[in-house]
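S.K.: no sequence on this one, just coordinates:
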């Protein structure tokens, strides 16, 4: 039995290694035994401050063109064509016609008398960026056509017989063509302006150049005679009809009255209503060691409020750089940087639930960064709409709330 | 001899690593308190006697509970062993079973001289292995909650025992309790618009230094009395807490207390064949104030054990069955952590074992089986039955006893 222990030790050690880690507990039996374990908590916070303002949003990407009046809003539309893309080298304009299609989906419009005005040289505009205040209506010229549009129509053809400038002896088409050929010319192409000749509380909505159905987009039809001096076959002169769709268009709107009910909060399109809110999160949770399943802003819509115009489709939020928005919301700086998280608004629920998990994390961990946030419609360019929400002084169940479902990891 | 010591040192190190890394099967109640389920391994012989080993005089195996017993060793002893277990768990909703095997104990004791022994050992101190899962409904969405923990304390110690008279031995020990526990807290949901996972990870590293005093008295040739005392000691906790979504973590240091342990035991040899033994252990956990919070609080912990040993013959018997030593015992224990509604989680265990002598009775292999139940379904909300087979190897040889030179050569 010489060196009994040292000879047995390796065997025992190997035996131990073999035994170790044969299995691991993966059963959940006994889960009810331990009480007092933390569970996700749900809290609702009231806003400490709120504000709102309205601004004119650029609507060049909208698939619609509005003309007329709804509530206090007034809307007009701009159209621009570039006929040089389809015109031949030599031609004579016989007549031109503007073809507009009503939006079939829109059932709130009425009947509006509309003036067609050529936009003069001083009123240059671009599809993206133009808003009501960019155009001075006092400098607009005289209407060159007048027509009546009703939402019950499918489409309207408006003959534009008047030359753009009778002294120039040429037509509107020739002027627009010349303006777009990069040649030295006195001509310009600022398109045409469509406005209601009288405001009667009615509005119509046309399909725009971004309308889903291509055939319903605004079209300029040109009836011309084509010449070709080199032709020896006798085919020319030839009468032809050419058409070109709008290369740019937008509707512009303004609200001369403004929002009068300060007990509510608003989101809107075209006349963009933007709401700011501040929720105090400092001290709510430890600055480390918590997890948030979801933080969301809950806004209750006041669907019976007279200021509703249709409804917005949803929203996203932007953080504010400071709290100057409390007193001067329209000019307060916005802190960009977040990836926008879009929330959808469902009119039937009258609820807007805007996810704000990332922001809530930051504001709990770094309370100094909480300067409030702006919530705005995610498609302000889209249409003419406004949704009214209850404000911070509304009954508790209707107030804006920040709901947080969170879990604390360690005391 | 230097080679032997080096070899032993290496294996002490390896066993230490093995013990500290072992993820032992543990009780479903092990998540009720941060220390987990306390374990107290006495010895391979006591394992068949209801763990009643404080007063169990034994020259063949190392007694890990009472350092005074090292005084009775007459040669270098080595003890190592492990177990295989099968655990069946039940709660109000389901039942499940798990099987497990691992090395459990390692000890080496050197008889420095007659009546003076020095021992080193590695043992489990406590075990944690729980997984609690439940779900919560919030605003119509389901959030699944998971709480898991794994790890525990290991114990490495150095004992010294001295037989200061033929009827009395005293022993002192020092030990280190250390270990790591990893806990994860997960909340999960599939609810739309939610961040699906929240996960917190906590790593707890425990370190404690403690000591043991033990005595063994032999007032008569048949009776042995034993007692031990482990004073209350501080235990340091280095905790690293991390939220998995963040690349940062929080490290904290805290100090808590481990309760003292008082133990007394008695063994009485009625005849050369029969021996009865019993012991009681007591730890006043309820008195502690510096102790991690638990779900339902703490109570004083008791362990009562008793057993009987029958040795029909000696190692030189012609028949295998009469060479063996037979043991039976029972153990009752109360957990230090309370269960739901402040209920005590009690355990009842029956044990049986045999000892197989080797090398003319100088060495021994012990086998023990244990079956018992911990907790009660109606009182504690859950219960588990445990069947465990233990094997312990006890070998010895003479060290530090240089043979006399033979001048005839």
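M.R.: In hand now; what should we look at? Values in this document were obtained by computation on a predicted structure and should not be read as measured data.

S.K.: can you map out the helices along chain B?
M.R.: Here chain B has its helices, by DSSP state H, at B:2-21, B:320-323, B:377-380.

S.K.: quick check: residues of the stretch 151-300 of chain B near chain A?
M.R.: B:185, B:187, B:189, B:191, B:193-195, B:198-200, B:202, B:241, B:243, B:245-246, B:248, B:250, B:295-296 (C-beta under 8 Å from any C-beta of the partner chain). Every residue, glycine included, has its C-beta placed from N, CA and C.

S.K.: go again with 6 Å.
M.R.: B:185, B:187, B:189, B:193, B:194, B:195, B:198, B:200, B:241, B:243, B:250, B:295 (C-beta under 6 Å from any C-beta of the partner chain).

S.K.: who does the first one bridge with?
M.R.: Judged by DSSP bridges, the bridge partners of residue B:185 are residue B:147, residue B:200.

S.K.: tell me the contacts of the residue of the stretch 51-200 of chain A found nearest chain B?
M.R.: Across the stretch 51-200 of chain A, the shortest distance to chain B (C-beta to the nearest C-beta) belongs to residue A:52, at 25.2 Å. Shown in contact with residue A:52 (C-beta atoms under 6 Å, 6 or more residues apart in numbering or on different chains): A:265, A:266, A:275.

S.K.: then residue B:324?
M.R.: B:354, B:356.

S.K.: that one and chain A, how far apart?
M.R.: 21 Å (C-beta to the nearest C-beta, to the nearest Å).

S.K.: and that residue, what's its pLDDT?
M.R.: Listed pLDDT for residue B:324 reads 94.

S.K.: what do you get for the one 10 residues further on?
M.R.: The score at residue B:334 is 95. That number is its pLDDT.

S.K.: my guess is it contacts residue B:344. True?
M.R.: Yes. Between residue B:334 and residue B:344 there is a contact at 5.3 Å, judged by C-beta atoms under 6 Å.

S.K.: any common contacting residues for those two?
M.R.: Going by C-beta under 6 Å, 6+ apart, no residue sits against residue B:334 while also sitting against residue B:344.

S.K.: grab the nearest non-local neighbour of the residue in the stretch 301-411 of chain A that chain B sits nearest to.
M.R.: Of all residues in the stretch 301-411 of chain A, the one sitting closest to chain B is residue A:409 (3.3 Å; C-beta to the nearest C-beta). Distances taken as C-beta to C-beta, 6 or more residues apart in numbering or on different chains place residue B:200 nearest to residue A:409, at 3.3 Å, with adjacent residues excluded.

S.K.: what bits of the chain have low per-residue confidence?
M.R.: Using chain A. Counting by pLDDT under 70, chain A has low-confidence residues at A:1-27, A:137-138, A:161-171, A:182, A:186, A:410-411.

S.K.: let's do chain B instead
M.R.: B:1-26, B:398-409.

S.K.: just the buried positions in stretch A:49-66, please.
M.R.: A:50-54, A:56-60, A:62-66 (16 or more other C-beta atoms under 10 Å in any protein chain shown).

S.K.: need the distance between the two termini of that stretch.
M.R.: 35 Å (C-alpha to C-alpha, to the nearest Å).

S.K.: the nearest residue to residue A:257 once chain neighbours are set aside: neighbour count?
M.R.: Closest residue to residue A:257 apart from its sequence neighbours, by C-beta to C-beta, 6+ apart: residue A:72 at 3.9 Å. The number of residues packed near residue A:72 is 16, by other C-beta atoms under 10 Å in any protein chain shown.

S.K.: same thing with residue B:372?
M.R.: 18.

S.K.: now it: closest residue in space that isn't a chain neighbour?
M.R.: If the residues on either side of it in the chain are set aside, residue B:372 comes closest to residue B:349, at 3.0 Å by C-beta to C-beta, 6+ apart.

S.K.: how about residue B:346?
M.R.: residue B:334 (5.2 Å).

S.K.: residues in a beta bridge with the residue nearest to residue A:106 when sequence neighbours are not counted, which ones?
M.R.: Computed as C-beta to C-beta, 6+ apart, the closest residue to residue A:106 that is not its neighbour in sequence is residue A:205, at 4.2 Å. Beta bridges link residue A:205 to residue A:66 when assigned by DSSP bridges.

S.K.: hmm, residue A:205 is touching residue A:105, no?
M.R.: No. The criterion here is C-beta under 6 Å, and residue A:205 misses it with residue A:105 at 8.6 Å.

S.K.: what is the burial count for residue 159?
M.R.: Picked chain A for this. Residue A:159: 14 neighbours (other C-beta under 10 Å).

S.K.: my question was about chain B
M.R.: Residue B:159: 28 neighbours (other C-beta under 10 Å).

S.K.: cool, and residue A:344?
M.R.: 12.

S.K.: still on that earlier bit, can you give me phi and psi for the residue of the stretch 51-200 of chain A closest to chain B?
M.R.: Main-chain dihedrals, residue A:52, degrees, to the nearest 10: phi -150, psi 160.

S.K.: quickly list what it is bridged to.
M.R.: Residue A:52 forms beta bridges with residue A:275, as assigned by DSSP bridges.

S.K.: how about the contacts of residue A:52 in TSV, adding distance to residue A:217?
M.R.: What follows is the contacts of residue A:52, written out as TSV (distance: C-beta to C-beta, whole Å):
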residue	distance to residue A:217
A:265	36
A:266	31
A:275	34
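
S.K.: number of residues surrounding the residue nearest to residue B:372?
M.R.: Number of residues near residue B:349 (other C-beta under 10 Å) recorded here: 19.

S.K.: ok now do it, which residues does it touch?
M.R.: Counted by C-beta under 6 Å, 6+ apart, residue B:349 has contacts B:331, B:370, B:372.

S.K.: for residue B:109, same thing?
M.R.: Residue B:109 neighbours (C-beta under 6 Å, 6+ apart): B:62, B:70, B:73, B:77, B:117, B:119.

S.K.: which ones among the residues you listed map onto strands?
M.R.: B:77, B:117, B:119 (DSSP state E).

S.K.: and the second one, what does it touch?
M.R.: When you say that, I think you mean residue B:117. With C-beta under 6 Å, 6+ apart, residue B:117 has these contacts: B:70, B:71, B:73, B:109, B:111, B:161.

S.K.: ok, the closest residue to the last one other than its chain neighbours to residue B:277 distance?
M.R.: Counting by C-beta to C-beta, 6+ apart, residue B:70 is the residue found nearest to residue B:161 once chain neighbours are left out, at 2.8 Å. Distance check for residue B:70 against residue B:277: by C-beta to C-beta, to the nearest Å, it reads 18 Å.

S.K.: just residue B:269 next, same as before
M.R.: 9 Å.

S.K.: the more surrounded of those two?
M.R.: Set side by side, residue B:269 and residue B:277 show more neighbours around residue B:277, with 28 against 18, by other C-beta under 10 Å.

S.K.: partners of the more buried one in the sheet?
M.R.: Residues in beta-bridge contact with residue B:277 (DSSP bridges): residue B:267, residue B:307.
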